[in-house]
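Participant: predicted model and sequence follow; I will ask about them next.
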Amino acid sequence: MNPLFPEKPSSGPSQQPPSYTAAPSYPPAPPSFSTSFASLSLHRSDRIRCLQFPTQTIDGIRATIKASYPFGIQRESPYGPSHEFKLCSYPWSGQGRDAIPSRIVMREILAYLYRSGWIFHVSTDCSKKELDKDTIVFRQQQAPPPPAEWIAISFNQSDRLRLIGADEMLKAAVREVLVGMRLLQEEAWKDRALGAWEFKIHGRPWVASGEQTMSTRLLLLRLLECLEKHGLSLYASIDQSQGQGEGTSETDSWYCVRDKTWVPGAHVFHR
C-alpha cells in the first residue's frame, strides 16, 4: 500500500451510480378542431348575399345562377362583409313567372355547394322585419359527398303541391298518397319545360284552421314517408318567398336529395 495514497476502506459490495427513471412519453397533441361556416341570405325581392364563402365558391355561385336562372343577374357588388347578387325580376316574390325559376335556382345553388363540400347546416330566421326570409348556413366538409340528384317541392296558393324535377315514379307515388287520403282533386303540368308537375288538393291545406291543421301535418308526414321510400331525404326547408300583403306569410320550399347510387330498398342517409 502506498502511504501517500491510502486505499479507502471497503464498505461492502461495489456501489453503482444512481439510476433515473425516464420521463413518460405522451402522444403528440391532436390538432385543434375547427369548422368553417358560411351563409347565403335572401333579401328584399331579388338579392342574394354570400358571407364567408371563398372567392372560388362565389365564382361558382355566379356561374350556377347564370346557368339555371333564366332572367339572369342585374348586378353584383360588395355589401358590407358580404358579396351581393342582385337578380333580374323578383324571384323572392314566389309568384307568377318567378315561382318556378326561383325554386330551380335555389335547388341548383344548393346542389353546387353540396358538390363543393359546403353542406347545409340550418336555415334560420334572424330578422323581425316585414317580408323577411331565411338565412341559410353551410358547414364546410373536406370530403365532398357522393354524386346526387335533386328535386324541389313547393306549396303554392292555398291548395297546390308542386314537384319540380321529379321523375314519373315519384309523381305516381305522390299521386297514390293523395288518392289514399282522398285529397286529390286534379293534376297537370304547370310547366313542362321546367319539369314542374302540380297537384290540386281538396280543401285549403296551406291556410288550414281548426282540426284541418292536423290533417295538413299528417299529409306532410305521408309525403316524407313517400320521399324516403324513393330514396329522397329532405335536405333543406327554406322560407324564400315573401308574403303578398301585410300580415301574410309564405310556406317554406323543400329541397330533397338522393344519392345516385341508391337502389330501391336501400337505406336513406341524412346529412
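Facilitator: On my side now, so go ahead. Residues are numbered from 1 along each chain as shown.
Participant: contacting residues around S36?
Facilitator: With contact set as C-beta atoms under 8 Å, 6 or more residues apart in numbering, S36 has these partners: Q52, R139, Q140. (C-beta placed from N, C-alpha, C; glycine too.)
Participant: same thing with V179?
Facilitator: Counting by C-beta under 8 Å, 6+ apart, V179 touches no other residue.
Participant: in which helix or strand would I find it?
Facilitator: Take DSSP states H and E as the rule and V179 turns out to sit in helix 168-180.
Participant: likewise for F85?
Facilitator: Element membership for F85 (DSSP H and E) is strand 82-87.
Participant: what lines up beside that strand in the sheet?
Facilitator: As defined by DSSP bridges, the strand partners of strand 82-87 come to strand 47-51 (antiparallel), strand 73-79 (antiparallel).
Participant: what's the local residue count around C226?
Facilitator: 17 (other C-beta atoms under 10 Å).
Participant: what helix or strand does it sit in?
Facilitator: When secondary structure is defined using DSSP H and E, the element that contains C226 is helix 212-229.
Participant: quick one, that helix and helix 168-180 angle?
Facilitator: Interaxial angle of helix 212-229 relative to helix 168-180 (axes from the mean of the first three to the mean of the last three C-alpha atoms, to 10 degrees): 150 degrees.
Participant: from the chain's centroid, how far away is helix 212-229?
Facilitator: Shown here is helix 212-229, whose average C-alpha point lies 20 Å from the average C-alpha point of the whole chain (C-alpha atoms, centre = their mean, to the nearest Å).
Participant: and it, what's buried?
Facilitator: Buried positions in helix 212-229, judged by neighbour count with 16 or more other C-beta atoms under 10 Å: T216, L219, R222, L223, C226, L227, E228.
Participant: residue contacts, the fourth one?
Facilitator: By that I understand L223. Remark: with contacts taken as C-beta under 8 Å, 6+ apart, L223 is in contact with I153, V174, V177.
Participant: where along the stretch 151-271 of the chain do the strands fall?
Facilitator: 160-164, 184-191, 196-201, 233-238, 253-259 (DSSP state E, counting those that start in this stretch).
Participant: name the residues that touch the fourth one?
Facilitator: This means strand 233-238. Surrounding strand 233-238, the residues in contact under the criterion C-beta under 8 Å, 6+ apart are 106, 110, 114, 120, 123, 134, 136, 150, 224, 227, 252-258, 268-271.
Participant: so how do I select the buried members of the residues you listed in PyMOL?
Facilitator: With 16+ other C-beta under 10 Å as the criterion, this PyMOL line picks the buried residues out of these:
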select buried, resi 106+110+114+120+123+134+136+150+227+252+253+254+255+256+257+258
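Participant: quick check: the nearest residue in space to P144 that is not next to it in sequence vs F37, distance?
Facilitator: Of all residues beyond its chain neighbours, the one nearest P144 is G117 (4.5 Å), with distances taken as C-beta to C-beta, 6 or more residues apart in numbering. For G117, the distance to F37 under the criterion C-beta to C-beta, to the nearest Å works out to 13 Å.
Participant: can you check A236 too?
Facilitator: Taking C-beta to C-beta as the measure, A236 and F37 are separated by 15 Å.
Participant: likewise E108?
Facilitator: For E108, the distance to F37 (C-beta to C-beta) stands at 22 Å.
Participant: these two: who's more crowded?
Facilitator: The residue with more neighbours, out of E108 and F37, is E108; 19 against 13, by other C-beta under 10 Å.
Participant: quick check, the more buried one in a strand?
Facilitator: No. Counting by DSSP: H, G, I helix; E, B strand; the rest coil, E108 is located in no strand; its state is helix.
Participant: the residue nearest to it when sequence neighbours are not counted: what's it in contact with?
Facilitator: For E108, ignoring the flanking residues on the chain, the nearest one in space by C-beta to C-beta, 6+ apart is S68 at 4.0 Å. Contacts here follow C-beta under 8 Å, 6+ apart; on that basis S68 touches I104, V105, R107, E108, I109.
Participant: do the same with P205
Facilitator: Neighbouring residues of P205 by C-beta under 8 Å, 6+ apart: S158, D159, L183, Q212, S215, T216, L219.
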